[in-house]
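> Have a look; sequence and predicted model below, questions after that.
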Amino acid sequence: MNKPANLKPSNDDGDNTKRGSLFERASGAFGLDRLKPAAVPDKLADDKAKKFAPRRRDTGASPTSTPVPAASATLPEGASVSTGPASAPAADTEPAQPEIVFRGGKQSIDRKHLREQGLIDPDGGASTLLEEFRIVKRQVLATMRREGSQAARRVLVCSPHPNEGKTFCALNLAIALAGEREMEVLLIDADFGKPSIMGKLGLDETKGFMDVLADERARVEDFVLGTDVPGLYLLPAGERTGRDSEYLASQRTQQVLDKLTRGARNRIVIFDSPPALAATPAAELAKHAGQALLVARADMTGRAALEDAIDLLSACPDIRLLLNDATFSPSGRRFGTYYGYGE
């Protein structure tokens with residue numbers, strides 16, 4: 001065992017001896033070297049200064065600064081050197097008004113047909129279903145306004161497998177969003193293999209999204225259909241080509257989607273895509289969407305399927321899970337009962 005050292009207190013009986021710090025007194029007691037700061041030169045040598053710090057441009061602010069001569073170089077006759085800072089590329093600013101305006105004829109949607117399929121009736125007032133999708137749309141709108149980008153105005157609704165309710169959720173979300181004042185909602189049927197949006201609304205299939213992507217001369221605004229639900233617009237899937245993923249991966253897709261969202265700060269685009277694990281278009285669409293809702297059906301969708309689907313949609317920066325067809329709430333919440341529904 002080490003013998004304890006006899007630490008003597010400093011002299012406090014009136015002399016002017018400076019009391020050392022705890023480290024200095026310990027150093028004197030144990031015979032250690034005194035703690036001293038490392039010596040730092042006032043100025044680095046020229047060669048070392050060039051090594052550790054970039055040379056500053058003379059701004060004339062300091063009266064003692066001296067200009068550094070520029071390195072000589074042989075330039076071709078007529079060539080010039082710019083000594084100013086490199087100009088940054090111009091930002092891709094959006095126009096104040098939407099680049100395209102929807103002026104297509106309005107299609108009448110049968111409200112009774114909506115209710116028979118369990119969809120939200122836009123004229124039916126508050127309901128349990130509407131209240132649930134109001135919660136979902138608030139999250140979507142909050143992200144859209146926080147990000148403020150064109151991509152954030154594009155929402156992909158997908159599921160790992162078929163029959164998990166992605167189209168049901170896409171339709172209800174679109175109807176709920178259309179209830180916002182001064183909001184335009186464009187619902188795109190991107191499930192090219194099995195399009196169903198038009199049928200669920202009681203409308204006939206027409207040319208649409210895929211026809212626009214396949215024809216460079218086509219204008220997307222000519223294929224958008226208005227509805228008698230204020231603020232709700234539709235873009236059908238269009239003719240099936242067998243090359244859906246190739247068209248979606250082309251530059252034409254980016255151009256079309258930019259036209260739909262550029263300058264339209266109160267317009268949101270919703271894609272009803274094919275199941276992520278059943279077809280490849282979902283992964284391609286995820287590259288153009290700033291938000292994705294991955295629908296999981298209660299007691300049906302497995303965790304492994306969700307993880308695989310999230311990997312495929314990973315190009316989208318914001319992926320959220322949406323639980324569908326749940327009959328039990330652990331918290332006991334029952335949305336819509338305040339208004340007399342769902343009781």
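Perfect, I can see it now.
> Any stretches of this structure with poor pLDDT?
In the predicted model of the chain, residues 1-92, 328-343 satisfy pLDDT under 70.
> where do the helices sit along it?
Remark: helices assigned in the chain by DSSP state H are 22-30, 46-52, 111-116, 128-147, 166-178, 197-200, 209-214, 244-248, 251-261, 281-286, 303-312.
> Give me the contact list for the shortest one.
Under the contact criterion Cβ atoms under 8 Å, 6 or more residues apart in numbering, helix 197-200 has outside partners 117, 119, 167, 170-171, 187, 189, 191, 204-206, 234, 236-237, 272. From N, CA and C alone the C-beta is placed, and that goes for glycine too.
> Name the member of the residues you listed that has the highest neighbour count.
In terms of neighbours by other Cβ atoms under 10 Å, these top out with Ala170 at 29 neighbours.
> would TSV of the helices of the chain with distance to Thr227 be doable?
Formatted as TSV, the helices of the chain follow (distance: least, Cβ to Cβ, whole Å):
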stretch	distance to Thr227
helix 22-30	79
helix 46-52	66
helix 111-116	11
helix 128-147	17
helix 166-178	9
helix 197-200	11
helix 209-214	17
helix 244-248	25
helix 251-261	17
helix 281-286	23
helix 303-312	30
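> Of the contacts of helix 197-200, which is the nearest to Leu225?
Nearest to Leu225 out of the contacts of helix 197-200 is Leu234 (Cβ to Cβ; 4.6 Å).
> any idea how far the closest one is from Gly226?
According to Cβ to Cβ, to the nearest Å, Leu234 stands 8 Å off from Gly226.
> got it, and Ile175?
Applying Cβ to Cβ to Ile175 and Gly226 gives a distance of 14 Å.
> With Ile268 instead?
Distance, Ile268 to Gly226, using Cβ to Cβ: 16 Å.
> which of these two has more neighbours?
It is Ile268, of Ile268 and Gly226, that has more neighbours when counted by other Cβ under 10 Å, with 27 against 16.
> give the contact list for the more buried one.
Neighbours of Ile268 in contact, by Cβ under 8 Å, 6+ apart: Val140, Leu141, Met144, Arg153, Arg154, Val155, Leu177, Met183, Glu184, Val185, Leu186.
> Drop anything exposed from these.
Taking 16 or more other Cβ atoms under 10 Å as the criterion, what is buried in these is Val140, Met144, Arg153, Arg154, Val155, Leu177, Met183, Glu184, Val185, Leu186.
> Let's have those residues in a markdown table, adding distance to Ala286.
As requested, these are exported to a markdown table (distance: Cβ to Cβ, whole Å):
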| residue | distance to Ala286 |
| --- | --- |
| Val140 | 16 |
| Met144 | 17 |
| Arg153 | 15 |
| Arg154 | 10 |
| Val155 | 11 |
| Leu177 | 20 |
| Met183 | 24 |
| Glu184 | 23 |
| Val185 | 20 |
| Leu186 | 18 |
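> from the residues you listed, which is closest to Arg262?
Sorting these by distance to Arg262 puts Arg153 at the head of the list, at 9.9 Å, by Cβ to Cβ.
> I figured the closest one hits Arg267, correct?
Yes - with contact defined as Cβ atoms under 8 Å, Arg153 reaches Arg267; the gap is 6.4 Å.
> any shared contact partners between those two?
In contact with both Arg153 and Arg267: Thr261, using Cβ under 8 Å, 6+ apart.
> Among the buried ones among the contacts of Ile268, which ones are in strands?
Using DSSP state E, the members of those that fall within strands are Arg154, Val155, Glu184, Val185, Leu186.
> Quickly list what the second one is bridged to.
For Val155, the beta-bridge assignment (DSSP bridges) gives partners Ile270, Gln291.
> Now do it against Ala326, distance only.
From Val155 over to Ala326 (counting by Cβ to Cβ), the distance is 21 Å.
> Check the contact between Lys106 and Asp228; I expect there is one.
Yes - assessed by Cβ under 8 Å, Lys106 is found in contact with Asp228 at 5.4 Å.
> related to what we said a few turns ago, joint contacts of Leu234 and Gly226?
With Cβ under 8 Å, 6+ apart, Leu234 and Gly226 have common neighbours Gln107.
> circling back: could you dump the ones in strands among the buried ones among the contacts of Ile268 to a markdown table with distance to Met300?
Output for those, formatted as a markdown table (distance: Cβ to Cβ, whole Å):
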| residue | distance to Met300 |
| --- | --- |
| Arg154 | 27 |
| Val155 | 23 |
| Glu184 | 34 |
| Val185 | 28 |
| Leu186 | 30 |
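> Just the closest of these to Leu277, please.
Checking those against Leu277 with Cβ to Cβ, the nearest one is Val155 at 19.8 Å.
> Distance of the closest one relative to Asp228?
According to Cβ to Cβ, Val155 and Asp228 sit 23 Å apart.
> again, but for Leu323
On the measure of Cβ to Cβ, Leu323 and Asp228 end up 31 Å apart.
> repeat for Ala286
From Ala286 to Asp228 the distance is 32 Å (Cβ to Cβ).
> Of those two, give the one with the bigger neighbour count.
Taking other Cβ under 10 Å, Ala286 and Asp228 do not tie; Ala286 has more neighbours (23 against 12).
> ok, the more buried one - contacts?
Going by Cβ under 8 Å, 6+ apart, Ala286 touches Leu156, Cys158, Ala292, Leu312, Leu313, Ser314, Ala315, Cys316.
> I'd guessed the last one sits against Ala289; true?
This points to Cys316. Yes - judged on Cβ under 8 Å, Cys316 makes contact with Ala289 at a distance of 5.1 Å.
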